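> fold the following.
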Amino acid sequence: MKYNLFNDKATAVRIAGKIKDISGSKKIKIMHVCGTHEQTITKNGLRAMLPENIEVVPGPGCPVCITPQVEIDMAIHLSRWV
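Sure, this is the predicted structure:
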């Protein structure tokens, strides 16, 4: 079985502990910008691993995630006229 650092619970717990040590008691907000980030954070329970003084907040969204399909379709349509 191949070792995968990104799916290792012990590594995640160790990193969360380091985040707690570094942050101290300061209130910190971290903004992510992508819906995929939010999905990963939620799926893996990362908010629950962070100390209470750290809040992860959703950002504006990346262009790929927030652009309505109709606008993408229109851009494709217009690109064919060039």
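
> the longest helix in this structure is where?
Ranked by residue count and defined by DSSP state H, the top helix of the chain is helix 9-23.

> report the buried residues of the helix or strand harbouring Thr40.
Using DSSP states H and E, the element containing Thr40 is helix 35-43. By 16 or more other CB atoms under 10 Å, the buried positions in helix 35-43 come out as 37-38, 41. Every residue, glycine included, has its C-beta placed from N, CA and C.

> can you list contacts of it?
With contact meaning CB atoms under 8 Å, 6 or more residues apart in numbering, helix 35-43 is reached by 32, 46-47, 56, 58, 61-62, 65-66.

> restricted to helices, list those.
46-47, 65-66.

> in PDB, list the C-alpha atoms belonging to the helix or strand bottoming out on mean pLDDT in the chain.
Of all helical and strand segments in the chain, the minimum by mean pLDDT, DSSP states H and E falls on helix 63-66, at a mean of 72. The C-alpha trace of helix 63-66 is given here as PDB (Å, rounded to 0.1, in the frame of the first residue of the first chain):
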ATOM      1  CA  PRO A  63     -14.300  32.100 -11.500                       C
ATOM      2  CA  VAL A  64     -14.800  28.500 -12.500                       C
ATOM      3  CA  CYS A  65     -17.000  27.700  -9.600                       C
ATOM      4  CA  ILE A  66     -19.100  30.800  -9.600                       C
END
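
> same for that helix, what does it pack against?
Helix 63-66 makes packing contacts with helix 35-43 when contacts are defined by 3 or more CB pairs under 8 Å, 6 or more residues apart in numbering; DSSP states H and E.
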